[in-house]
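Engineer: Provided below are the primary sequence and the corresponding predicted coordinates.
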Amino acid sequence: MDLSEISQIIVIIILGTLGITFFSIFSGLLFNGIERKLYAFIKKEKDQSIIQPLKDIKQLFSEKSKIPKDSIPWLFNLMPMLGLAISISILIYLPIGSFPPIAPTGGDIILVLYLLIMSSLTIIIGGFSTGMSTTTKGAHKEMENLIAYLFPLVVIIISFVWKLTQAAEVFELTDIFSISTIAGLNTNLAIWNYLNGPLGYIGFAILLFVFVLVTTSDFAKFHINPLKGKKKSINEALSGYSGRNLGLFFIMNSVKTIVVASLIVTLFFPYNLSNLLDMVGSYPGYAIDFIFYLIKIFLVMIISITLLRIAIARLKIEQIVFKYWVQLTLASLVGLILVMWDGWLMNLLNL
């Protein structure tokens, strides 16, 4: 690889990252506005403008960020910026429509899992850094929630890897830990195409349900109340934040909405229309796939994430932890077992 090729790759990564940054922030805030209108409609509350999140961000950034007296200032100010940067960086490893990931790498599904965890840790560390009893208590709750949904996520990843390992020889799959392989960018196949029978479909349907629940809970408890000019986060870990720092956390939460929806689409619904229309690799094909991608993540957000946020926001942390450790962990294990039995049973029956 010569210098010109390296320069070209660097330019693509920089421009792609800037594009993804703008896309994730703008679309995340826009969806947050749509979500507020839907929430107000369901709860029969006062309607709000779709652009209200943009107004809230503008007002937060115009306010001075107060630093608690007993806080660790550099850590307190670093966590909001780091959390937003980590959340945006996840999209670098995910395909958008028929556009491949900007920075694909071997085993990037594990990297994405780590980044999701790290983005949650920024809230926890930020809460501890304030030195306030309320935020420390909230940080403890966030840590419990993180531990609670971590194991189901690991089981889901194992289920994907197990099935792809079984199909690797037949479909000539190479890096089974790669998101590009899971999304079928080279094979035009999704995880559903590798299944042998009904047990596999039932197993991955269960895993999809669990995945939506555990990822949604991570940001279901963060909201800014714009009523009467007050900016209040219902996440106790962030109650010590204000002004620009709180605004950065709010943007991070909106970006994570897009990240989670994109991850659900990538893992479970990566299909593109250009394959059906025989337009793969053409500019119209890229445009059609991008529009189809936007429709998919919008449907995922509206059908699953918004409704689950409304429901989960009412649960206490003890209820969430119990449900994740007991019910959802068992459900993910049942899904994994069904996926494992799928190939074995079909081979046994010679089907």
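Structural biologist: Great, that's in hand. Numbering: from 1, shown residues only.

Engineer: Show me the shaky parts of the stretch 1-150 of the chain.
Structural biologist: Where the stretch 1-150 of the chain drops to pLDDT under 70, the residues are 1-2, 43-48.

Engineer: What are the boundaries of the helices in it?
Structural biologist: Using DSSP state H, counting those that start in this stretch, the helices found in the stretch 1-150 of the chain span residues 3-43, 52-62, 73-90, 108-129, 133-171.

Engineer: Any chance of TSV for these, columns distance to Phe268 and mean neighbour count?
Structural biologist: Yep, even glycine has a C-beta here, placed from its N, CA and C like the rest. Formatted as TSV, the helices of the stretch 1-150 of the chain follow (distance: least, C-beta to C-beta, whole Å; neighbours: other C-beta atoms under 10 Å):
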stretch	distance to Phe268	mean neighbour count
helix 3-43	19	15
helix 52-62	27	17
helix 73-90	17	20
helix 108-129	13	21
helix 133-171	10	18
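
Engineer: do you know which of the ones you listed lies nearest Ile258?
Structural biologist: helix 3-43 (4.8 Å; C-beta to C-beta).

Engineer: All the helices of the stretch 151-300 of the chain, in order from the start?
Structural biologist: 179-182, 198-217, 243-268, 273-276, 283-300.

Engineer: In JSON lines, list the ones you listed along with distance to Tyr149.
Structural biologist: Compiled in JSON lines, those are given as follows (distance: least, C-beta to C-beta, whole Å):
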{"stretch": "helix 179-182", "distance to Tyr149": "20"}
{"stretch": "helix 198-217", "distance to Tyr149": "4"}
{"stretch": "helix 243-268", "distance to Tyr149": "12"}
{"stretch": "helix 273-276", "distance to Tyr149": "33"}
{"stretch": "helix 283-300", "distance to Tyr149": "18"}
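
Engineer: Looking at those, spot the one closest to Ile57.
Structural biologist: Nearest to Ile57, of all the helices of the stretch 151-300 of the chain, is helix 243-268, at 5.2 Å by C-beta to C-beta.

Engineer: elements contacting the closest one?
Structural biologist: In terms of contacts (3 or more C-beta pairs under 8 Å, 6 or more residues apart in numbering; DSSP states H and E), helix 243-268 is packed against helix 3-43, helix 52-62, helix 73-90, helix 108-129, helix 179-182, helix 198-217, helix 283-300.

Engineer: possible to save these as JSON lines with distance to Val339?
Structural biologist: Supplementary listing: the helices and strands packed on helix 243-268 in JSON lines, determined by distance: least, C-beta to C-beta, whole Å:
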{"stretch": "helix 3-43", "distance to Val339": "31"}
{"stretch": "helix 52-62", "distance to Val339": "39"}
{"stretch": "helix 73-90", "distance to Val339": "25"}
{"stretch": "helix 108-129", "distance to Val339": "16"}
{"stretch": "helix 179-182", "distance to Val339": "14"}
{"stretch": "helix 198-217", "distance to Val339": "4"}
{"stretch": "helix 283-300", "distance to Val339": "22"}
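
Engineer: of the helices of the stretch 151-300 of the chain, which approaches Phe22 most closely?
Structural biologist: helix 243-268 (11.1 Å).

Engineer: Give the buried residues for that closest one.
Structural biologist: Within helix 243-268, the residues that qualify as buried are 243-268, counting by 16 or more other C-beta atoms under 10 Å.

Engineer: tell me the centre residue of this structure?
Structural biologist: For the chain, the residue nearest the mean C-alpha position is Val260 (2.0 Å; C-alpha atoms, centre = their mean).
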